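[1] got a sequence here, can you model it:
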Amino acid sequence: IYEQEQRLIFDIKTNKDEVVCRDYYNNPYVRLDEECIKKIYTGRRMPEMDKQMLQNALLENGLDSKIKLCGVKLSHTGYVLDFDEDNTSS
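    Presented below is the predicted three-dimensional model:
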């Protein structure tokens, strides 16, 4: 609650009648309304290539102005994570 985040867990086996999409590799996923996602925080060890692919996917789908991509890094003041709201640097 303090992070004000929500997570979606969708059990495909018990909800097989629901609308489930499939990607190029036939992996199932549930399509969400673009308004459901405000920010994506990348892990501090996420490879730069993966961050760039994610940024490109947002750009290609016209979502770069609606969904903010943010990085995470270790704090210099303690053993905590700092959430970098300005960019995806790790």
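[2] and D82, which of the three is it?
    Taking DSSP: H, G, I helix; E, B strand; the rest coil as the rule, one finds D82 in the strand state.
[3] ok, now how distant is the closest residue to it other than its chain neighbours from K66?
    In space, and not counting its chain neighbours, D82 is closest to S75: 4.8 Å by C-beta to C-beta, 6 or more residues apart in numbering. C-beta: built from backbone N, CA, C; applies to glycine. Here S75 is placed at a distance of 29 Å from K66 (C-beta to C-beta, to the nearest Å).
[4] I'd like to know which elements the longest strand seen in the chain is packed against.
    Longest strand of the chain, by residue count under DSSP state E: strand 68-74. Judged by 3 or more C-beta pairs under 8 Å, 6 or more residues apart in numbering; DSSP states H and E, the packing partners of strand 68-74 are strand 39-41, helix 48-60, strand 81-84.
[5] average pLDDT across that strand?
    Averaged across strand 68-74, pLDDT comes to 83.
[6] got it, and stretch 38-51?
    On average, stretch 38-51 scores 87.
[7] neighbour-wise, which of S75 and K66 wins?
    K66 (12 against 9; other C-beta atoms under 10 Å).
[8] skipping adjacent residues, who's closest to that one in space?
    Of all residues not flanking K66 in the chain, E34 sits nearest, at 6.1 Å (C-beta to C-beta, 6+ apart).
[9] now do the contacts for the one you found.
    63, 66-67 (C-beta atoms under 8 Å, 6 or more residues apart in numbering).
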